[in-house]
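J.: I would like the atomic coordinates for the input below:
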Amino acid sequence: MNIYRHIVDTATLEREYSPSSYVSDLPAILRDYDQRSLAARRHLPPRTYRYGHTDAETLDFFTPAGDRRQIAPRSVAIYIHGGYWQELSKDQHSFPASGFVDQGMAYIAVNYGLAPDASLAEMIDRCRRALLWVVSHSEELAIDPRGIHLLGCSAGGHLAAMCALTDWTTLGLAQKPIRSVTLLSGVFDLRPLSLTYVNDAIGMTTADTLLHSPLLLVDTASAPLPPMLLVVGENETSEFKRQSQDFTAALHRRGAKAHLTQISLRNHFDLLFDLNDRQSELASMVFNHIASSYIYGA
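T.: The predicted model follows:
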């Protein structure tokens, strides 16, 4: 009897849900995250804000160098980091700021706390409240509240998808705050992860996997869905690719505007580096996706 779908045993399932199994030197890539982020913070010193009551509820706000005055409202990219809900932080994800600032956008990297100190439900709630904070402080930040573009990678892709499926009217907003969503190597069905080592720190129950899996919520989501771009690297496990394929298909069934693409020669971790290369396939697609969200009236 298979443990999950066509997968026969726990070892195979855990390898499929270990993105590092396709990477020769993950520590070197993560050191690169740190070094590039330090460089970005020197070049574009961010302002750090607290959007909630705990130390985990903070965000970094980046704007063009020397731009600290109230100016005409600009659009903003809000980035939710990955790390399987238990590693990394906003501090390692400053480096994408340069690519967005160069396009005239602001960039925000969000902290949401990590397991086991925070539950999955708390992380989802915090990401939603971070967006609410940005909307409520849009005038102070010189942000266009109709120009919020959400991005997330891996576990951050899951959190971004949960935000995209939110009925924001229940949280006090008259209209949805998210104009476009980009999901990089996301996780959209939590059920297989509950059977792996990943769940040791998170402690998801069966009920949690059903309540917090975006794939299982698309058909019943009451809110209109923003246009979504889903991206995977060529050098990803088959399960990570399938997750994005299945979520894209579910979005299409719902009638949402969604596009899935695969980036050649990239893996789960180095995919992010292309956001700073305007000539790369990924950056071109992301910025075209953002621009088209205005054309389609998202």
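J.: Tell me which stretches of this protein form strands.
T.: Assigned by DSSP state E, the chain shows strands spanning 47-50, 58-62, 74-80, 106-110, 143-153, 178-184, 228-235, 258-267.
J.: export these to TSV and tack on mean pLDDT, distance to His252 and mean neighbour count?
T.: The C-beta positions use only the backbone N, C-alpha and C, and glycine is treated the same way. Shown next, in TSV, are the strands of the chain (pLDDT from 0 to 100; distance: least, Cβ to Cβ, whole Å; neighbours: other Cβ atoms under 10 Å):
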stretch	mean pLDDT	distance to His252	mean neighbour count
strand 47-50	98	37	14
strand 58-62	98	32	22
strand 74-80	97	23	25
strand 106-110	98	28	27
strand 143-153	96	20	23
strand 178-184	98	14	26
strand 228-235	98	10	22
strand 258-267	97	6	17
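J.: I'd like the distance between the most centrally placed residue in the chain and Arg15.
T.: For the chain, the residue nearest the mean C-alpha position is Gly152 (1.0 Å; Cα atoms, centre = their mean). From Gly152 across to Arg15, the span is 24 Å (Cβ to Cβ, to the nearest Å).
J.: Next up, phi/psi of Thr196, please.
T.: Dihedral pair for Thr196: phi -120, psi 180, per degrees, to the nearest 10.
J.: Now do the contacts for it.
T.: Neighbouring residues of Thr196 by Cβ atoms under 8 Å, 6 or more residues apart in numbering: 10, 13-14, 17.
J.: Using TSV, lay out those together with neighbour count, distance to Phe287 and pLDDT.
T.: TSV is the format used below for the contacts of Thr196 (neighbours: other Cβ atoms under 10 Å; distance: Cβ to Cβ, whole Å; pLDDT from 0 to 100):
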residue	neighbour count	distance to Phe287	pLDDT
Thr10	13	41	95
Leu13	21	36	97
Glu14	17	36	96
Tyr17	22	30	97
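J.: Inside helices: which ones of those residues?
T.: 10, 13-14 (DSSP state H).
J.: Relative to Ser119, which of the residues you listed is nearest.
T.: Glu14 (22.2 Å; Cβ to Cβ).
J.: quick one: Leu44 and Pro64 touch, right?
T.: Yes - applying Cβ atoms under 8 Å as the test, Leu44 and Pro64 come out as touching, 7.4 Å apart.
J.: So if I had to pick from the two, which one is more boxed in?
T.: More crowded of Leu44 and Pro64, by other Cβ atoms under 10 Å: Leu44, with 19 against 14.
J.: measure Thr220 to Phe95 for me?
T.: According to Cβ to Cβ, Thr220 and Phe95 sit 37 Å apart.
J.: Equivalent analysis for Thr63, please.
T.: Per Cβ to Cβ, Thr63 is found 16 Å from Phe95.
J.: And Asp34, by the same measure?
T.: According to Cβ to Cβ, Asp34 stands 9 Å off from Phe95.
J.: Show me which of those two is the more surrounded one.
T.: Phe95 (22 against 13).
J.: Phi and psi next, for the more buried one.
T.: The phi/psi pair for Phe95 (degrees, to the nearest 10) reads phi -60, psi -30.
J.: which residues does the residue lying closest to it once chain neighbours are set aside contact?
T.: Spatial nearest neighbour of Phe95, chain neighbours left out: Arg36 (3.6 Å); criterion: Cβ to Cβ, 6 or more residues apart in numbering. The contact partners of Arg36, by Cβ under 8 Å, 6+ apart, come to 94-95, 273, 276.
J.: Over to Arg146?
T.: Taking Cβ under 8 Å, 6+ apart as the test, what Arg146 contacts is Arg179.
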